[in-house]
Structures are given as C-alpha cells and as structure tokens.
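Novice: predicted model follows, preceded by the sequence.
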Amino acid sequence: MARMTTLDPAVAREAWRFAEPLHAMVYFVPESAERFEALGLSSRAGYFAARGGAFGPVGPGPVIASFYNFHPGLVARFLPEIWTKVSPAAAIEARLAAADAALERGLGGDTLRSDEVAEAATLARRAADSATAHMAGRPLYAAHADLEWPKEPHLVLWHAQTLLREFRGDGHVAALLLAGLSGLESMVLHTASGEASEGFLRSSRGWSRDEWAAAAETLRSRGLMTGDDITDEGRALRARLEADTDRLATPAYESLGTDGCVRLAELVRPLSRTLLKAGFLAGALPTRPK
C-alpha cells in the first residue's frame, strides 16, 4: 500500500491538471505527424514507438500491460516490427522535437524563454525527480525517468509533465485493477458517463463493436450501467477511482508542498489556456452526443 501523504490531493491535482495540456498537445499537433512521417512512421506507429520506446526495443507485452486500454492485436501490429524502421532513441527524439516546435508555434519564443517558464520548469522537475522515491509498481514512469533530461527550460517543463503524467497514469491503472475493471471496461464506463465518445475511444484503441458491446454487458451485469447509460453505482465507482488516482499521484508533489503546487498551477495555467484556445488539443476525447 502507498504510504500516506500530508499534502491535500486536490492541491496536487490542480498542479497536474493545469500543466497537462502542455504535455498532451504533442499527441494531436501536426508537428508530431510531420516528424514521425520523416522517419517513415504513421502517427499511430509513432505514438507507440515514442511512448513505448522508453522501454527500449520491446515486443507488444510491456506496452499492452502498461498502456492498459489498447487492443492487444493493435499493439502487436506495430511491435516489435516497428524497430526495424526506427530505433527507440530516434522515436523519442522525434517526439521531443515535435513538442519543441509546437510549443514555439503556440506560445512564442519570448514566452518560452521567460522567467515564469524557467520557474515552472524548476518546480515541475523537482516534483518529477522526487517521484523516483515512489516508482515501485509504476513502469511507464520508471522507464521515462531513465531518459536524459533536455536542457531548455520549456522542454524541461514538458518532460517533467510527461513524467508526472505517466506517474499518475500508472497509479490510475493500479486503481482500475483493484476495482476489477479492464482497460476496455473502463473506457465503456467513461463513455456511458457522457464524458467521452465511443467512436473516438473504440477506434483509437482498436476495439471492435462486438468487443465493446460485450464489455458493456459485463458492466450492466455489475449494476454499473443500464442500457447505454451509467448508473448511480457506476458514477460512485468512477468517483472512487478518481479519488484513488489523485491520492496515488500526490506523493510526487510532496516536495513542492502546498505553496509550490499552487505556484506551479499559477504559472502553467495561462500557458495551457493559450494552447487550448488555439486548438492544440482539438482531437482530445470528444464527448458523446446528447
């Protein structure tokens, strides 16, 4: 069991939430597609190579296990064959270059070289580094923590948020396992809540309509869904999962304390808002039509 923390998980969550668009935009911006294309990779292949490449030239197993909600057959279409086209280091470098170019386009050089970005980078790196004391059971975080840190402050900030995102994601997987939810079932329940689109999640993760329907039936049998909608019991479970995820992610931020977390959120919020307003995450989790 993870040790108790004295930092309010809600405070740590805000520091993560306001910084998250700075990392997540790399999955949607054209700069990523361009750099992966230059390596002879599709965007999806580049995603698996750049994120999974932190493990080295692995087969599908570690990625299926740690990414958690992708169809095993989809992952196996790309791994390990992808390593005949590109090395893990080259894929990781391409993703970092894409983040660099996208942040430059979205925020501008003056902002990226500002004192505020340098301060945010220092705070975020402190949290990401301190998370190494809690890496047990967190494979994606641990793999990315072994990568070399970039030099420029805005890329330090991006890489730090990458680590903190993977740290949180590993904890979320642990919470899902404890709740007895597979990756597919967790997505079906998410969609049933109205917060995500079935079409986007099902196609991007490689699941068939029949597999999705079977998972929905399992959730109905557990009283978590009725028809296509989430039940009160299902909402309560999702609330517990989020609370558990917040709690498991909080130790990474203890080194900042409340004041440091509040300051980090204050520094990154306008940066993330600028990217969101410019449509840098336009492809992220569309909601189910009402």
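Specialist: Sure, I can see it. Numbering: from 1, shown residues only.

Novice: surely Asp8 touches Thr258?
Specialist: Yes. Asp8 lies in contact with Thr258 (C-beta atoms under 8 Å); the separation is 6.9 Å. C-beta coordinates here come from the backbone N, C-alpha and C atoms, glycine included.

Novice: who are the packing partners of the helix or strand bottoming out on mean pLDDT in the chain?
Specialist: Lowest mean confidence among the helices and strands of the chain (mean pLDDT, DSSP states H and E): helix 198-205, at a mean of 93. Packing partners of helix 198-205 (3 or more C-beta pairs under 8 Å, 6 or more residues apart in numbering; DSSP states H and E): helix 183-192, helix 209-221.

Novice: quick check: longest helix in the chain by residues?
Specialist: helix 153-179 (DSSP state H).

Novice: any idea how far stretch 180-191 is from the chain center?
Specialist: 16 Å (C-alpha atoms, centre = their mean, to the nearest Å).

Novice: same check on stretch 220-231?
Specialist: For stretch 220-231, the distance to the chain centre is 27 Å (C-alpha atoms, centre = their mean).

Novice: state the distance from the residue nearest to the spatial centre of the chain to Thr245.
Specialist: With distances taken as C-alpha atoms, centre = their mean, Arg165 lies nearest the centre of the chain, 5.0 Å away. Per C-beta to C-beta, to the nearest Å, Arg165 is found 12 Å from Thr245.

Novice: which stretch among the helices and strands packed on helix 198-205 approaches Glu104 most closely?
Specialist: helix 183-192 (33.1 Å; C-beta to C-beta).

Novice: how far off helix 209-221 does that closest one point, in degrees?
Specialist: 80 degrees (axes from the mean of the first three to the mean of the last three C-alpha atoms, to 10 degrees).

Novice: of all the helices and strands packed on helix 198-205, which lies closest to Ala124?
Specialist: Here helix 183-192 is closest among the helices and strands packed on helix 198-205 (C-beta to C-beta), at 27.0 Å.

Novice: can I get the closest one in CSV, CA atoms only?
Specialist: Presented in CSV, the C-alpha positions along helix 183-192 are these (Å, rounded to 0.1, in the frame of the first residue of the first chain):
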residue,chain,number,x,y,z
GLY,A,183,-9.0,-1.2,-19.8
LEU,A,184,-11.9,-1.8,-22.2
GLU,A,185,-14.5,-1.8,-19.5
SER,A,186,-13.1,1.5,-18.0
MET,A,187,-13.5,3.2,-21.4
VAL,A,188,-17.0,1.9,-21.9
LEU,A,189,-18.0,3.2,-18.4
HIS,A,190,-16.3,6.5,-19.3
THR,A,191,-18.4,6.8,-22.4
ALA,A,192,-21.5,5.8,-20.5
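
Novice: tell me the mean pLDDT for it?
Specialist: Averaged over helix 183-192, pLDDT sits at 98.

Novice: mind listing what Pro21 touches?
Specialist: Ser272, Leu275, Leu276, Phe280, Leu281 (C-beta atoms under 8 Å, 6 or more residues apart in numbering).

Novice: just put those in CSV and tack on pLDDT, secondary structure and neighbour count.
Specialist: What follows is the contacts of Pro21, written out as CSV (pLDDT from 0 to 100; DSSP: H, G, I helix; E, B strand; the rest coil; neighbours: other C-beta atoms under 10 Å):
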residue, pLDDT, secondary structure, neighbour count
Ser272, 98, helix, 23
Leu275, 97, helix, 20
Leu276, 96, helix, 15
Phe280, 96, coil, 23
Leu281, 93, coil, 18
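
Novice: among those, which one lies nearest to Phe67?
Specialist: For those, the nearest to Phe67 is Leu281 (19.3 Å; C-beta to C-beta).

Novice: and the closest one, how close does it get to Pro57?
Specialist: Plainly put, Leu281 is 30 Å away from Pro57 if you go by C-beta to C-beta.
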